[in-house]
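[1] got a structure for you, letters missing:
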């Protein structure tokens, strides 16, 4: 450190200016990241088809944004399908019902009854993913194609 003290005052100003600029850049990046909504916790129930043990599928997410939460869109998709849903494709999918727990945080739930049908009989088994698009009240969004995973199996009837 003492060797740096003998540098000219101009060099010292340049170094301090660089450190200050780097600090401002890092703080600006952190502020920008903090402005986007976050998915703090996301869980989904596994589904057993063909039995009475699973009556519904439920997905729950705790989401946070400084401005509050406007909406949460959800899409369940089987991993085996090799789908790669994008945020832009989430416009016309189902919405979770959100309940504010504070000015910034909401717990959002999406439930779907599971009833025996032709559709459920052909539903792929295995690992499924939940794609989630969170929109804050200020318009910022966060998207995760794999916010949560769950398993679909077939019971013995």
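    Nice, I can see it. Quantities reported herein were computed from a predicted structural model and do not represent experimental measurements.
[2] Now the longest strand seen in the chain: buried residues?
    Longest strand in the chain by number of residues (criterion: DSSP state E): strand 141-154. Under the neighbour-count criterion of 16 or more other CB atoms under 10 Å, strand 141-154 has 141, 142, 143, 144, 145, 147, 148, 150, 152 buried. For the C-beta atoms, the positions are set from N, CA and C on the backbone; glycine is no exception.
[3] now swap in stretch 43-61 and tell me
    In stretch 43-61, counting by 16+ other CB under 10 Å, buried: 44, 47, 48, 49, 54, 57, 59, 60, 61.
[4] Residues touching that stretch, excluding its own?
    39-42, 72, 74, 76, 96, 107-114, 116, 120-121, 123, 125, 128, 130, 132, 134, 147-157 (CB atoms under 8 Å, 6 or more residues apart in numbering).
[5] hmm, which of those are the buried ones?
    The buried subset of these - by 16+ other CB under 10 Å - is 39, 42, 72, 74, 76, 96, 107-108, 110, 114, 128, 130, 132, 134, 147-148, 150, 152.
[6] quick one: contacts of the longest strand of the chain?
    36-39, 42-50, 57, 59, 61, 76, 78-79, 84-87, 90, 123-135.
[7] What average pLDDT does that strand get?
    Here strand 141-154 scores 95 as its mean pLDDT.
[8] what is residue 148 paired to in the beta sheet?
    residue 130 (DSSP bridges).
[9] and the gap between it and residue 47?
    13 Å (CB to CB, to the nearest Å).
[10] cool, and residue 150?
    7 Å.
[11] Surely residue 57 forms part of a strand?
    Yes - per DSSP: H, G, I helix; E, B strand; the rest coil, residue 57 lies within a strand segment.
[12] Okay, and the beta partners of it?
    residue 112.
[13] Residue 136 too?
    residue 69.
[14] Got phi/psi on residue 90?
    Dihedral pair for residue 90: phi -90, psi 0, per degrees, to the nearest 10.
[15] Hmm, it is touching residue 131, no?
    Yes - using CB atoms under 8 Å, residue 90 is in contact with residue 131, at 6.7 Å.
[16] Common neighbours of those two, please.
    With CB under 8 Å, 6+ apart as the test, residue 90 and residue 131 both reach 75, 143.
[17] Could you say which helix or strand holds residue 120?
    Per DSSP states H and E: residue 120 is located in helix 118-121.
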